[in-house]
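Asks: pasting a predicted model and its sequence here:
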Amino acid sequence: VQLQSGGGLVQAGGSLRLSCEASGRTFSRYSMGWFRQAPGKEREFVAAISWSGGRTNYADSVKGRFTISRDNANNMVYLQMNSLKPEDTAVYHCAAMIRVGDSGDRRSYGYWGQGTEVTVSS
């Protein structure tokens, strides 16, 4: 189970940090990802991080602006979002990569968080 926090309303150019706290002792075994879903659109990949934190992967739309990180000692995953744009407005979900596959493919993921809303005003 993933519990999320950190969303909110921010002006364009601002920053937010999303947090995802995972329950369970096996958290550190999983790569973790963040996805987002805007109204009327499909859920899309944002960022992923390997179980050790040594490898990360980002969608082209957020590269250079967003940073994914994790703290295995505390079962936490973070998404630092800088230089936010109105098109970043969406509900953001964290999830664990429970199937072998593409880290950018939502079908590789399970144990989805409840979602946290991010609204960026222009």
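Replies: Structure received. Source: prediction; values computed, not measured. Numbering: from 1, shown residues only.

Asks: residue nearest the centroid of the chain?
Replies: The centroid of the chain falls nearest to residue 34 when counting by Cα atoms, centre = their mean (2.3 Å).

Asks: so that residue bridges to which residues?
Replies: Beta bridges link residue 34 to residue 47, residue 94 when assigned by DSSP bridges.

Asks: hmm, it is touching residue 93, no?
Replies: Yes - here residue 34 reaches residue 93: they are 7.1 Å apart, a contact under Cβ atoms under 8 Å. Using the backbone N, CA and C atoms, a C-beta is placed for each residue, glycine as well.

Asks: what sits against residue 77?
Replies: By Cβ atoms under 8 Å, 6 or more residues apart in numbering, the residues touching residue 77 are 19, 20, 22, 32, 34, 49, 68, 69, 70, 71, 94.

Asks: may I ask which two of those are separated the most?
Replies: 34 and 71 (15.0 Å; Cβ to Cβ).

Asks: hang on, the earlier thing: now the buried members of the contacts of residue 77.
Replies: The neighbour count (16 or more other Cβ atoms under 10 Å) marks 19, 20, 22, 32, 34, 49, 68, 70, 94 as buried among those.

Asks: which of those sits closest to residue 104?
Replies: Nearest to residue 104 among the buried ones among the contacts of residue 77 is residue 34, at 11.1 Å by Cβ to Cβ.

Asks: list the residues that contact the closest one.
Replies: Residue 34 neighbours (Cβ under 8 Å, 6+ apart): 18, 20, 46, 47, 48, 68, 77, 79, 92, 93, 94, 95.

Asks: distance to residue 11 for the residues you listed - can I get that in CSV?
Replies: Output for the contacts of residue 34, formatted as CSV (distance: Cβ to Cβ, whole Å):
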residue, distance to residue 11
18, 17
20, 24
46, 20
47, 22
48, 28
68, 23
77, 25
79, 18
92, 18
93, 23
94, 24
95, 28
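
Asks: turn those residues into TSV, including distance to residue 116 and pLDDT.
Replies: Listed next are those as TSV, based on distance: Cβ to Cβ, whole Å; pLDDT from 0 to 100:
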residue	distance to residue 116	pLDDT
18	6	97
20	9	94
46	12	98
47	15	98
48	17	97
68	15	98
77	12	95
79	10	97
92	5	97
93	8	96
94	9	95
95	13	94
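
Asks: thanks again, I'm all set now.
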